[in-house]
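1. predicted structure and sequence below. I'll ask about it afterward.
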4 protein chains.
Amino acid sequence: MTIKVAIAGARGRMGSAAVESILAAINIEVVAVLDYKYEGKYLHGTEVNDKLGGVPIYTSLANLAAVEKPDVLLDLTDPDAVFKNAQDALALGIRPVVGTSGLSKEDIDRLSDLATKGQIGGIIAPNFSIGAVLMMKFSAMAARYLGDIEILEMHHDRKVDAPSGTAVKTVEMIREVRKQHKQGHPEEKEHQQGARGADVEGMKIHSIRLPGLLAHQEVLLGGTGELLSIRHDSFDRSCFMPGILMAIRTVMERKELVYGLENILE
Amino acid sequence: MTIKVAIAGARGRMGSAAVESILAAINIEVVAVLDYKYEGKYLHGTEVNDKLGGVPIYTSLANLAAVEKPDVLLDLTDPDAVFKNAQDALALGIRPVVGTSGLSKEDIDRLSDLATKGQIGGIIAPNFSIGAVLMMKFSAMAARYLGDIEILEMHHDRKVDAPSGTAVKTVEMIREVRKQHKQGHPEEKEHQQGARGADVEGMKIHSIRLPGLLAHQEVLLGGTGELLSIRHDSFDRSCFMPGILMAIRTVMERKELVYGLENILE
Amino acid sequence: MTIKVAIAGARGRMGSAAVESILAAINIEVVAVLDYKYEGKYLHGTEVNDKLGGVPIYTSLANLAAVEKPDVLLDLTDPDAVFKNAQDALALGIRPVVGTSGLSKEDIDRLSDLATKGQIGGIIAPNFSIGAVLMMKFSAMAARYLGDIEILEMHHDRKVDAPSGTAVKTVEMIREVRKQHKQGHPEEKEHQQGARGADVEGMKIHSIRLPGLLAHQEVLLGGTGELLSIRHDSFDRSCFMPGILMAIRTVMERKELVYGLENILE
Amino acid sequence: MTIKVAIAGARGRMGSAAVESILAAINIEVVAVLDYKYEGKYLHGTEVNDKLGGVPIYTSLANLAAVEKPDVLLDLTDPDAVFKNAQDALALGIRPVVGTSGLSKEDIDRLSDLATKGQIGGIIAPNFSIGAVLMMKFSAMAARYLGDIEILEMHHDRKVDAPSGTAVKTVEMIREVRKQHKQGHPEEKEHQQGARGADVEGMKIHSIRLPGLLAHQEVLLGGTGELLSIRHDSFDRSCFMPGILMAIRTVMERKELVYGLENILE
């Protein structure tokens, strides 16, 4: 059976990479694009025009659903749009697969209720990189035994914010299992302000910003006489594609909303 | 309740570190030493003498058991001695905690049968470093998703054998879950023999030997556009102590033999 | 003064990146393109057409020189073409800046003679990445003191050859200063063939090939109780551009041929 | 010719390691120990007693010089003692080799004058690890080309001070050649205070403190599309010994004071 996917955000950088990946995947096809303009036109690669043979563009999810009958709505737009799209999709019996970290706890709970009531799957993932999600998951598993933890996150110098969302998310996942305690020397002295990094939940985050860098994170867990380091390097946007395909396949078998790719990894 | 521990191999480097760690631990005490000589003498730190106040030395486990009634026999001797010690311990109702990678499948099965029949716990661990065991466990978990894997193991140049036992053990754990396939370029050319490392179960192991190094291993798992690296650095023999203490505590609650520290980590 | 540059290989991937970099640079301009076809046409970005305003294309260096009077010929074509181009350039009083590792010792000597006779500069560089060249240079400098050396080179799994040219070149540079001796344990045993890597000039090279990787090399130098590691990560073709611009500026001040970017770094 | 060395601080941890290294070295011998007590006794390994055959202990450098006629005074005591010892040594025609970072600019200048007047060598080194010194030297050399720099220094959590002296010294060496500029995104936002580390001379230092760690530093230098990383791991006090032996040999050939091991490396 082939899974029919509609994509919102298909003209963006992530979206067009996703279209390409799905076109190359087995048993998944792109049947329609949801956009805020270009109703009635077609998407061919990254170009929009009138020629048949591309993917039809709709500006209404209801119309799209009526004609194309997708199984899944892959939404790669921004936080403002995704909530309404996901809500509408669930109401129409379409499974949402959403890539965003911008939804509030309340939004997620509401979508979760809708999915459970409708007995229909949904997946919301702040991060579709399988490697990054494994890094976070393993760090949390190890923190039970190696509870002294510092995180290095390294990005190009065009990134404005520090620390990164992934570093903060990692700390939040670790906090659930780590025995709380004060790290470092009890009388530690910082002769230059900031040397010891940011204290987040009793752990330390250090944000490096350099030209040349892409997106990297290393979690260091220290124990008696040993160090465990779990590092993820993201070299290319393509690293999100296997996670997106896995989510599309998995959402078909679910009857509830899942938040976080880590919860569909075994 | 305090757990009473007898130690075999207490005069060795690992053994004397273990004695020290147990002396500093809560609710565990060293009640006797099993040795092949020095019957009736006492161990004080690393010194053997006649002064009371040290740990009494026995050359017979039966006598030791009759007098000191230990709960656990921690065995840090060599592969030749451990099988008999563990067998005797189980027969005497003492739980063996054994650090060795030298037992055969048959030996382990026999000890396992004894433990099950006697409804008594036992733990055999080729590696007591929690960090190293987590590295192996996580590598195997990740291999399901990131199946292209190369291992770097780095040791001081006084190590004769390559690859290391830990690297081979890691590959064996990964093999159980990794989808078999050929890694690398299908027409790969090695212009200098050995450049691409050792092929073990379709994965690659590279052994580095340099003065200065201690014991380090890094498992590299590559995926589309990303790399996950799991590294363990062992700086000091003390890294084995938390695992030994954990095994001593855990073995009290078991009624069967457990092989591998990974199977008592959650 | 603005340096006038003609480019051979401008339509290739490296060439078009170079054209863009030079257009953005101060005091350097692209005045012409040397190609084997498209005589009389113009290059606009990556497109060739008849519109004025682009860079004029020539198929003869003599004609190009007569009309455009370039100071420098930047040659990013393949080894087959570069020797003749460089020879012709020197004869015409144009300074060649060539990116290739494919020239023979004899070819380099002949070009060197021509440059010296003509009292004109030329630069041939197997590698224009400043970071990579510094890694090699520092490794050679350190090898005098830390002579036990292993190299890890890591590339994507579309690379056919192992070890990489950069790793071999690094070993050659180190060999000049390293005191020859046998590394590792004298009775070292390789239980799995290839584990200890390729022996090149008494040092070891390990080649890692994984999907996701780009181009990385780490030189490990071990000493008593310490390790020095010099690593270069090449994330993007753009890493060659600063070296190309530096070579173009430097070649104007030379009156002889220089081989290797390391010889124009201070 | 054998170089005769007197050692101050021979009973300390560094000193006793130095005595051992010198005993094993060719053409260097320990002829006397300078101490603040134990006059007339002998040092045998780490024990002080009256038995002949050990190294004679003196509490006066003048007496020591008159009897033992050392070529070099290796001083591994604390900052309070070293200045006077070095001054006295130079006055007596003995070449001081001093391991300290605690001398003021004025102290160093005064010793330098004395050495130059007496036409006698002296070496003061804040760090005798050749690997660490090369890391600093190479970082400064590379900073001319790759001027965006962040430093990670990693130590065990028993270290009170952050950042480390070596990290600050590295920044000072780099500052001499680095073109001053603001690193990172111009509108950078630190959502958690300290995330971006300590700003020292426009570069960033991040101090990691974890149990298990020993002493490690990594200098990251970013450029367009590339990263150069220079890392030093110090695993053991023995890493200082080759530098001490090199200094003892080199000081014999000098006729002035040298500050910093980097200035006797080629």
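-> Happy to help now that I have it. Residues are numbered from 1 along each chain as shown, chains lettered A, B, ... in the order given.
2. which positions within stretch A:234-249 qualify as buried?
-> Residues of stretch A:234-249 classed as buried: A:234-236, A:238-249 (neighbour count, 16 or more other C-beta atoms under 10 Å in any protein chain shown). Just so you know, the C-beta spots here come from the backbone N, C-alpha and C atoms, and that holds for glycine as well.
3. got the domain ranges for chain A?
-> Residue ranges for the domains of chain A, per automatic domain parsing: A:3-125+A:238-263, A:130-235.
4. starting at the chain centroid, how far to the first one?
-> Shown here is domain A:3-125+A:238-263, whose average C-alpha point lies 13 Å from the average C-alpha point of the whole chain (C-alpha atoms, centre = their mean, to the nearest Å).
5. tell me the residues of the stretch 51-200 of chain A that contact chain B?
-> Residues of the stretch 51-200 of chain A found near chain B (C-beta under 8 Å from any C-beta of the partner chain) are A:Ser129, A:Ile130, A:Gly131, A:Ala132, A:Leu134, A:Met135, A:Phe138, A:Met141, A:Ala142, A:Arg144, A:Tyr145, A:Leu146.
6. how about a cut-off of 7 Å?
-> A:Ser129, A:Ile130, A:Gly131, A:Leu134, A:Met135, A:Phe138, A:Ala142, A:Arg144, A:Tyr145, A:Leu146 (C-beta under 7 Å from any C-beta of the partner chain).
7. all helices for chain A, in order.
-> Assigned by DSSP state H, the helices in chain A fall at A:13-24, A:61-68, A:79-91, A:105-118, A:130-143, A:165-175, A:241-251.
8. to chain C, which of those helices lies closest?
-> Closest approach to chain C among the helices of chain A is made by helix A:130-143 (8.2 Å; C-beta to the nearest C-beta).
9. which of the domains of chain A is buried the deepest?
-> Comparing these by mean neighbour count (mean count of other C-beta atoms under 10 Å in any protein chain shown), domain A:130-235 ranks first with a mean of 21.
10. quick one: A:Ile264 from D:Thr77, how far?
-> 63 Å (C-beta to C-beta, to the nearest Å).
11. again, but for A:Gly40
-> Distance from A:Gly40 to D:Thr77, by C-beta to C-beta: 86 Å.
12. circling back to that earlier point, and the residues of the stretch 51-200 of chain A next to chain B, which is closest to chain D?
-> A:Leu146 (8.5 Å).
13. skipping adjacent residues, who's closest to the closest one in space?
-> Excluding the flanking residues, the one nearest A:Leu146 by C-beta to C-beta, 6 or more residues apart in numbering or on different chains is A:Leu221, at 3.8 Å.
14. surely the one you found meets A:Arg144?
-> No. Counting by C-beta atoms under 7 Å, A:Leu221 does not reach A:Arg144; the two are 10.3 Å apart.
15. can you list residues touching both of those two?
-> Counting by C-beta atoms under 7 Å, 6 or more residues apart in numbering or on different chains, A:Leu221 and A:Arg144 have no common neighbour.
16. what's in contact with stretch A:12-28?
-> Identification of contacts with stretch A:12-28 by C-beta under 7 Å, 6+ apart yields A:1-3, A:5, A:7, A:9-10, A:29-30, A:46, A:74, A:76, A:237-238, A:240-241, A:244-245, A:248.
17. and those residues, which of them are in strands?
-> The members of these that map onto strands under DSSP state E are A:Ile3, A:Val5, A:Ile7, A:Glu29, A:Val30, A:Leu74.
18. who in the stretch 101-250 of chain A is up against chain C?
-> Close to chain C, as judged by C-beta under 7 Å from any C-beta, the stretch 101-250 of chain A has residues A:Gly212, A:Leu214, A:Phe235.
19. who's A:Met203 bridged to?
-> Counting by DSSP bridges, A:Met203 is bridged to A:Val200.
20. tell me how far the residue nearest to A:Leu146 lies from A:Gly147.
-> For A:Leu221, the distance to A:Gly147 (C-beta to C-beta) stands at 8 Å.
21. ok, A:Val160 next?
-> 32 Å.
22. which ones are touching the residue of chain A positioned farthest from its centre?
-> Ranked by distance from the centre of chain A (C-alpha atoms, centre = their mean), the top residue is A:Glu187, with 39.4 Å. Counting by C-beta under 7 Å, 6+ apart, A:Glu187 touches D:Val160.
23. and stretch A:220-227, average pLDDT?
-> When pLDDT is averaged over stretch A:220-227, the result is 97.
24. just how off-centre is that stretch within its chain?
-> Centroid separation for stretch A:220-227 versus its chain: 29 Å, with C-alpha atoms, centre = their mean.
25. against A:Lys137, how distant is the residue nearest the centre of chain A?
-> The centroid of chain A falls nearest to A:Asn127 when counting by C-alpha atoms, centre = their mean (2.1 Å). Separation of A:Asn127 from A:Lys137 (C-beta to C-beta) stands at 11 Å.
26. cool, and A:Asp88?
-> Distance of A:Asp88 to A:Lys137, given as C-beta to C-beta: 31 Å.
27. do the same with A:Ser207
-> As judged by C-beta to C-beta, A:Ser207 and A:Lys137 stand 22 Å apart.
28. same thing with A:Ala89?
-> 27 Å.
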